[in-house]
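S.K.: have a look; sequence and predicted model below, questions after that.
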Amino acid sequence: MSTIAVLGAGKIGEALLSGLLHGGRAPTDLLFTERHPERSVELTKRYGVRAVDVPTAAKQADVLVVAVKPQDIEPLLDELAPAITNDTLVVSLCAGLPTALYDRRLPDGVPVVRVMPNTPMVVGEAMSAISAGRHATPAHLSTVEELLSVVGQVVRVPESQQDAVTALSGSGPAYFFYLVEAMIDAGILLGLPRAVAEKLIIQSAVGAAAMLAETGEHPVTLREAVTSPAGTTIMAIRELERHGVRAALLAAIEAARDRSEELGKAHEE
Ligand SMILES: NC(=O)C1=CN([C@@H]2O[C@H](COP(=O)(O)OP(=O)(O)OC[C@H]3O[C@@H](n4cnc5c(N)ncnc54)[C@H](O)[C@@H]3O)[C@@H](O)[C@H]2O)C=CC1
Ligand SMILES: O=C(O)[C@@H]1CCC=N1
């Protein structure tokens, strides 16, 4: 079994470690690096996984998963470059960072796969999109696909689509949480107890998501089935249209895509 090291065990790094353990990987097959010692202690206690430094991770692991903030990539690449060989696969989860950045900064020929996952990884429901860098082979892509399918679903996309993917599914869970938060507030406005409003909205979200995933019906069809002539739903839809919610979503997701592109450009020479 291959050894996987997570470089930067924050929210996404921890979600991956925990998901892989849940999927049957032995703690001895996993390593992580973390710049905050107290975080390392906490994670080793929680998962029984060993914290190491970057050179040790590069030497001992077959797959290095980079999960630091894009703004923190440069010092990590400085540490990694002298320690890594072409036998090690680099998997980057960083928003915006192109595989070309790794190609420039790491020894020639190191294979890199760019991935955009999302936080539902913590419950095994991630959506991950993967793209091969210049030196990554179909076998490398399959390795990453296999790794990530333990924590959710995986699609392959050309790297040129990764900024759009980041805006859609990378950030996507935040948009749904934001909607849920606003709808719970609406329940409070209408005088419902908070606990009741939360239960009503969260279960409606879970039910709607399950219908989307399981019926294969188009969202328009599912929405129309809720929208009775001269009923309650159409009154709400009219207000959503009047307040430009659809246009707001288009603009919001475009802004997220632009930011992803910008994060990548910040590291251009
Ligand atoms: N949070 C999210 O929903 C998603 C995040 N991502 C990407 O995943 C990456 C990580 O994001 P989060 O987990 O949210 O960030 P985070 O801030 O929770 O985790 C980053 C971790 O890396 C550690 N770190 C930084 N530099 C380090 C170094 N040189 N050596 C060792 N550890 C180091 C930090 O101490 C921190 O614990 C980012 O690049 C982000 O774009 C991708 C998809 C979704
Ligand atoms: O907000 C961010 O930059 C990260 C990338 C995708 C989701 N969270």
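M.R.: Structure's in. What do you need? Ligands and ions are numbered 1, 2, ... in the order given.
S.K.: what sits against the residue in the chain positioned nearest to ligand 1?
M.R.: With C-beta to the nearest ligand atom as the measure, Gly10 is the residue of the chain nearest to ligand 1, at 1.7 Å. Just so you know, the C-beta spots here come from the backbone N, C-alpha and C atoms, and that holds for glycine as well. Applying C-beta atoms under 8 Å, 6 or more residues apart in numbering to Gly10 gives the contacts 67-69.
S.K.: need phi/psi at it.
M.R.: Dihedral pair for Gly10: phi -90, psi -140, per degrees, to the nearest 10.
S.K.: going forward, begin numbering at 300 instead of 1
M.R.: All set: I'll call the first residue 300, so the last point we hit is now Gly309.
S.K.: how close does it sit to Leu440?
M.R.: Note on Gly309: its distance to Leu440, by C-beta to C-beta, to the nearest Å, is 25 Å.
S.K.: need the longest strand for the chain.
M.R.: Using DSSP state E, we find that the single longest strand of the chain is strand 425-431.
S.K.: hmm, who's touching that one?
M.R.: Identification of contacts with strand 425-431 by C-beta under 8 Å, 6+ apart yields 314, 318, 398, 412-420, 437, 439-440, 443-444, 447, 450-458, 460-461, 464, 468, 471.
S.K.: what about the strands in the stretch 300-449 of the chain?
M.R.: Ranges of strands within the stretch 300-449 of the chain are 303-306, 329-332, 349-350, 362-365, 388-391, 411-415, 425-431, based on DSSP state E, counting those that start in this stretch.
S.K.: make JSON lines from these and add distance to ligand 1 and mean neighbour count to it.
M.R.: Converted to JSON lines, those look like this (distance: least, C-beta to the nearest ligand atom, whole Å; neighbours: other C-beta atoms under 10 Å):
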{"stretch": "strand 303-306", "distance to ligand 1": "6", "mean neighbour count": "26"}
{"stretch": "strand 329-332", "distance to ligand 1": "4", "mean neighbour count": "24"}
{"stretch": "strand 349-350", "distance to ligand 1": "9", "mean neighbour count": "17"}
{"stretch": "strand 362-365", "distance to ligand 1": "8", "mean neighbour count": "25"}
{"stretch": "strand 388-391", "distance to ligand 1": "8", "mean neighbour count": "25"}
{"stretch": "strand 411-415", "distance to ligand 1": "6", "mean neighbour count": "27"}
{"stretch": "strand 425-431", "distance to ligand 1": "9", "mean neighbour count": "23"}
